[in-house]
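[1] sequence first, then the predicted structure, then my questions.
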Amino acid sequence: MATADEPEPILRGQDVVREYHTGGQTVRALDGVDFAIRPAEFVAVVGPSGSGKSTLLNLLGLLDVPTSGRVELGGEDVSTFDQGQRTRTRKRDVGFIFQSYYLIPTLTALENVEVPRLLDRTPVETRERATALLERVGLGDRLDHAPDELSGGQKQRVATARALINDPNLLLADEPTGNLDRDTGDSILDLFDDLRTEQDVAVVTVTHDEYVADAADRVVRLIDGEVRG
Ligand code: ADP
Ligand code: MG
């Protein structure tokens, strides 16, 4: 049972295996991983290249389902969800900051942040929220800049604002400070902190940065698809 100190997990995984089949070969990227992500916690995922970090993040973000084992959201096994259900759930609950940002080059910073809401037919509210988020990440003076007119750190912050447009309760980030100088990295960590304390957002981040892992509540170490230590 959950106690006051330990709220029910947002997401839980049991004996999660993910295999990839390519060119007649099978790669077991995750080999029986257990996890529980609770509201407002900050989890750092570390491990060498190829250890399964991005695979794990994709499963947490419902971008993927396990080959075997169970990923549970609100007590429901997500592998029983159809594609539409997964997409809706992801859109409602999860924000994803991809390693390479995936900003659309022909759109402005503001429009990029609005993208996840383009089909919502609430253009005025969407614009207000996107503007507020970009101001919050310190880009209020860059709304109309195209991605190639922004620095790496600024692109990162646009991607962060976009991940927050639907008010997620789980924010996933693949190396969010990877290409950033320390000051910009610190400002991203401050933002994560605010989201956790003000809105109970859980943050799971893959990182190579020791100082990011130091700031986390919990560090998950992956080696060859297994959690160690
Ligand atoms: P990390 O993010 O820790 O570098 P990944 O999760 O990307 O690790 O990859 C784990 C393992 O799975 C690696 O051996 C990688 O080559 C393999 N892998 C990842 N994605 C795919 C894919 N789409 N198809 C085949 N193999 C993959
Ligand atoms: Mg990776």
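    Perfect, I can see it now. Computed from a predicted model, the values in this text were never measured in an experiment. Ligands and ions are numbered 1, 2, ... in the order given.
[2] spit out the contact partners of the spatially most central residue of the chain.
    Centroid-nearest residue in the chain: residue 172, 1.3 Å away (criterion: Cα atoms, centre = their mean). Counting by Cβ atoms under 8 Å, 6 or more residues apart in numbering, residue 172 touches 57, 60, 61, 94, 95, 96, 97, 203, 204, 205. The way it works is simple: take the backbone N, C-alpha and C, and place the C-beta from them, glycine included.
[3] grab the nearest non-local neighbour of the residue of the chain found nearest ligand 2.
    In the chain, no residue comes nearer to ligand 2 than residue 54, which is 3.2 Å away by Cβ to the ion. Sequence neighbours aside, residue 174 is the residue nearest to residue 54 in space, at 5.9 Å (criterion: Cβ to Cβ, 6 or more residues apart in numbering).
[4] and residue 167, how many neighbours?
    A count of neighbours around residue 167, defined by other Cβ atoms under 10 Å, yields 12.
[5] residue 48 now?
    With other Cβ under 10 Å as criterion, residue 48 counts 12.
[6] contacting residues for the residue of the chain most remote from its centre?
    Relative to the C-alpha centroid of the chain, counting by Cα atoms, centre = their mean, residue 24 is the outermost residue, at 31.2 Å. Applying Cβ under 8 Å, 6+ apart to residue 24 gives no contacts.
[7] dihedrals phi and psi, it?
    phi 80, psi 0 (degrees, to the nearest 10).
[8] need the pLDDT of the residue nearest to residue 54.
    Reported pLDDT at residue 174 in the predicted model: 91.
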